[in-house]
Structure formats: structure tokens, C-alpha cells
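Below are the sequence and a predicted model for it; my questions follow.
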Amino acid sequence: MTFEYFLTCMVVILIPGTGMVYAIAMAIAGGWRTGLVAAFASTMGIVPHLMAAIFGLAVLMHTSAVAFQFVKYAGVAYLIYLAWQTLRSAGPIKLDDKPRQVPSMLQVIASGIAINSLNPKLSLFFMAFLPQFVNVSTANSTVEMLVLGAVFMALTFLVFAVFAVLAFSIRQLLTNSPTFMRWFRRTVAVSFGLLAAKLAVGEQ
């Protein structure tokens with residue numbers, strides 16, 4: 001792995017996306033442990049896209065407008081659902097005035113995986129991203145891409161985890177501030193809504 005690859009990964013990961021928003025929201029909703037679980041689940045949602053890119057399945061999705069649109073709008077619908085549930089302070093992201101332990105970690109994991117799994121553009125991103133740092137003419141190019149993909153996922157989890165813990169720390173300082181939670185709930189809902197809109201209107 002080169003320094004250029006590391007730097008590019010960090011730039012990409014630090015751009016706020018659904019996975020990061022989800023990890024931060026869950027840390028504030030259920031505590032730092034829940035935030036770490038959400039960060040891990042969001043990172044695991046990258047796996048299908050990474051595998052698709054490495055083994056060429058993303059090409060098939062890209063050439064099949066029906067398949068791409070189906071997955072794309074499933075992701076849009078899920079983000080809109082999360083935005084609505086967040087505003088209602090219900091569902092997997094329940095941001096109420098008092099910190100609480102999220103009842104089901106399975107729900108946290110399932111939602112985190114779904115958030116990134118339902119974004120087909122991740123497959124296309126990896127198709128364009130990984131070859132820039134791999135010598136595709138060698139026999140070990142597939143192994144190289146697997147290693148680079150694993151590094152990307154490790155960095156993703158680390159960044160999401162750090163943001164989740166920082167968010168929980170801020171939440172602790174504002175435990176008795178319903179106003180903060182009300183505005184944070186709205187901010188998370190709007191973030192999911194904007195990300196859904198970006199996914200819906202983005203170029204194929």
C-alpha cells in the first residue's frame with residue numbers, strides 16, 4: 001500500500017456519507033458501544049460492493065439499467081424511511097432526550113449493513129478506484145485488490161468509530177439539553193434526506 005492510496009482513502013472516507021451519519025446518530029442514541037457496532041455494521045455494508053468490483057459483477061450491474069435502478073431506488077427508499085423515523089424519534093435511530101441502550105443490536109447491525117449495501121454506486125466507485133493502485137497485468141492483481149479493499153474497510157471502521165466516540169462524548173456534555181437533541185434529530189433526518197436525494201438524482 002502506497003502513501004497515495006492511504007491519503008486517497010482518507011479523503012474519500014472523511015466525506016460525510018450515510019455510514020458516518022448512522023454511526024454518529026447511533027452513538028448519541030445508545031452510547032459509544034452502540035456507535036461502534038453501527039460503525040462496524042456500516043463498514044460491513046461495503047463488502048458486497050467490494051466483492052462485486054473485484055470479481056467484475058459491477059460491470060453487469062452498470063450495463064443493466066433495471067438492476068441498477070432497482071437497487072438504487074431501494075436505497076433511496078430506505079434513507080427516506082430512516083429520515084422519517086428519525087424525525088419521529090422511532091425505529092433504529094431513536095434520538096430522544098435521554099441516552100438509552102438500543103434494545104436490539106441485531107437491528108443496529110441490520111440497518112448499518114443495509115445503509116451501505118443499498119448504494120449501488122459504491123460498486124462503481126470501487127471499479128474506478130481500485131485499478132488506479134493495482135498492477136492489473138500481474139497474476140496477483142486480484143489478491144492486491146482484496147488487500148487494498150481490506151485496508152479501505154479498516155480505515156473506514158477506524159474513522160467511523162472515532163467520530164462515533166466523539167459524538168457520544170459531546171452528547172454526554174449536553175445530557176440535559178433537550179434543545180440539542182431536538183435540533184440534532186432534525187439534522188440527522190435532513191442529512192438522510194439529502195443523501196437520498198443525491199443518490200436519486202445522481203448520474204448513473
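Noted; the coordinates are in hand.

Counting by contacts, list what the longest helix seen in the chain packs against.
Criterion DSSP state H: the longest helix present in the chain is helix 141-173. For helix 141-173, the elements it packs on are helix 3-14, helix 18-30, helix 32-44, helix 47-54, judged by 3 or more CB pairs under 8 Å, 6 or more residues apart in numbering; DSSP states H and E. For glycine as for every other residue, the C-beta is placed from the backbone atoms N, C-alpha and C.

deepest of those, which one?
With neighbours taken as mean count of other CB atoms under 10 Å, the helices and strands packed on helix 141-173 reach their highest mean count in helix 18-30, at a mean of 27.

which helices and strands sit right next to that helix?
Secondary-structure packing of helix 18-30 (3+ CB pairs under 8 Å, 6+ apart): helix 32-44, helix 65-87, helix 105-117, helix 141-173, helix 178-201.

Go through those and pick out the most buried.
A comparison of the helices and strands packed on helix 18-30 by mean neighbour count, using mean count of other CB under 10 Å, puts helix 32-44 on top with a mean of 24.

State the distance from the closest residue in space to Met105 that isn't next to it in sequence to Ile28.
Nearest residue to Met105, sequence neighbours excluded (CB to CB, 6 or more residues apart in numbering): Val37, at 5.7 Å. According to CB to CB, to the nearest Å, Val37 and Ile28 sit 14 Å apart.

do Tyr73 as well
The gap separating Tyr73 from Ile28 is 29 Å, by CB to CB.

and if you look at Thr43?
Separation of Thr43 from Ile28 (CB to CB) stands at 19 Å.

Please report the distance of Ile13 from Val47.
To Val47, Ile13 is 16 Å away according to CB to CB.

what's the answer for Thr2, then?
Distance, Thr2 to Val47, using CB to CB: 23 Å.

Then Val108?
From Val108 to Val47 the distance is 17 Å (CB to CB).

go on, Ala53?
Remark: distance between Ala53 and Val47 (CB to CB) = 11 Å.

for Ser191, same thing?
As judged by CB to CB, Ser191 and Val47 stand 24 Å apart.

Also Ser117?
Distance, Ser117 to Val47, using CB to CB: 8 Å.

Please pull out the lowest mean pLDDT helix or strand from the protein.
helix 57-63 (a mean of 61; mean pLDDT, DSSP states H and E).

Test my guess that Leu36 contacts Val162.
No: counting by CB atoms under 8 Å, Leu36 does not reach Val162; the two are 10.1 Å apart.

Now do the shared contacts for these two.
Counting by CB atoms under 8 Å, 6 or more residues apart in numbering, no residue touches both Leu36 and Val162.

Return the residues in contact with the closest residue to Thr43 other than its chain neighbours.
Distance criterion CB to CB, 6+ apart; nearest residue to Thr43, sequence neighbours excluded, is Phe157 at 4.3 Å. Contacts for Phe157 (CB under 8 Å, 6+ apart) come out as 39-40, 43.

Relative to Trp84, how far out is Phe157?
According to CB to CB, Phe157 and Trp84 sit 28 Å apart.

Thanks a lot, catch you later.
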